[in-house]
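[1] Next comes the sequence, and after it the predicted model I'd like to discuss.
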Amino acid sequence: MRRAAVLLPAIVSALWFPVIAAAAAAAAFDAAAAFGARQDVTGLTLSPDGNNVAFIVPVDRTGTSVRTLALATGAKPKVALYASGKPDRIQQCNWVSNDRLVCQIFWIGPHPDLLPFWRVVAVNADGSNLKYLGKPKGFYRLGIEFGGDEVGRVDVQFLSGEPPKAQYDGASVGYTADKAAFGTSRIRRWFGQDWTAY
């Protein structure tokens, strides 16, 4: 009887310990945090000689960083490029040689325009010699269709080293004709056809 009294608590404890541990682990799991978590690594690419990899990792809540790593024992990752995420984000990087990358950076412009912008830069695998690969200045025009034969127009000007500046001209039937003429001219030039854009 005394032996049963000693063994019974041990048996109950052994049976219930996994249940209690599983319940504690389930309580520690935060589904909302797991859903909102950022991916640990994206955009993994291998250098042409197969000796290095580059990958994008999250930094803090919004930032991104490109890290490079030599595929050798004891090698440590190096930061090649960083974007704060306010508003710039690194979308992708590709090797153009065994020690140089070309990366695409994306951001949404400020309110009220909220226009998307992309820039392409080149950087060495160790983070040195960063170069912008776009035009030092430029201008482009976007048409935004609202339906009902109304098209808005956005003119964007960008200068190297400055944030792009955009001006929105409200929806107008007049811009619809401009957009249709542009589309028709492109169809004629690209396909040799006299189709209308609308």
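    In hand now; what should we look at?

[2] ranges for the helices of this protein?
    2-28, 31-36, 173-191 (DSSP state H).

[3] now what about the shortest one, what contacts it?
    Contact partners of helix 31-36, identified using CB atoms under 8 Å, 6 or more residues apart in numbering, are not found; the set is empty. All C-beta spots, glycine's among them, are computed from the backbone N, C-alpha and C.

[4] can you do 10 Å?
    With contacts defined as CB atoms under 10 Å, 6 or more residues apart in numbering, helix 31-36 is touched by 30, 61.

[5] quick one, what contacts the residue lying closest to residue 116 once chain neighbours are set aside?
    Once flanking residues are discounted, residue 116 sits nearest to residue 108: 5.8 Å by CB to CB, 6 or more residues apart in numbering. Residue 108 sits next to 87, 88, 89, 114, 115, 116, 117 when contact means CB under 10 Å, 6+ apart.

[6] Just the buried ones among those, please.
    88, 89, 117 (16 or more other CB atoms under 10 Å).

[7] The second one pairs with what?
    Spelled out, it's residue 89. According to DSSP bridges, the residues that bridge with residue 89 are residue 106.

[8] And the pLDDT for it?
    Turning to residue 89, the model gives it a pLDDT of 87.

[9] ok, now the last one?
    Here, the pLDDT recorded for residue 117 equals 76.

[10] again with the one 5 residues further on
    The model reports residue 122 with a pLDDT of 93.

[11] ok, now how distant is it from residue 92?
    13 Å (CB to CB, to the nearest Å).

[12] and for these two, which residues touch both?
    With CB under 10 Å, 6+ apart, residue 122 and residue 92 have common neighbours 101, 102, 103.

[13] nearest residue to the last one other than its sequence neighbours?
    Right, the one you point to is residue 103. Nearest one to residue 103, counting by CB to CB, 6+ apart, is residue 93 at 4.0 Å.

[14] number of nearby residues for that neighbour?
    24 (other CB atoms under 10 Å).

[15] who's in contact with it?
    Taking CB under 10 Å, 6+ apart, we find residue 93 in contact with 43-45, 54-56, 66, 68, 80-81, 101-105, 121-123.

[16] pretty sure residue 48 contacts residue 54?
    No - the pair residue 48 / residue 54 is not scored as a contact, 11.7 Å apart, by CB atoms under 10 Å.

[17] out of these two, which sits in the busier spot?
    residue 54 (25 against 11).

[18] low-scoring pLDDT stretches of this protein, where are they?
    1-27, 110-114, 135-143, 145-149, 160-161, 173, 182-183, 186, 189-191, 193-198 (pLDDT under 70).

[19] quick check: domain ranges of it?
    As assigned by automatic domain parsing, the chain contains the domains 2-34, 38-134, 136-198.

[20] if we can go back for a sec, what's the spacing between the residue nearest to residue 116 and residue 48?
    Residue 108 sits 33 Å away from residue 48, going by CB to CB.

[21] Over to residue 91?
    For residue 91 relative to residue 48 (CB to CB), the value is 21 Å.

[22] Residue 81 now?
    Where residue 48 is concerned, residue 81 sits at a distance of 19 Å (CB to CB).
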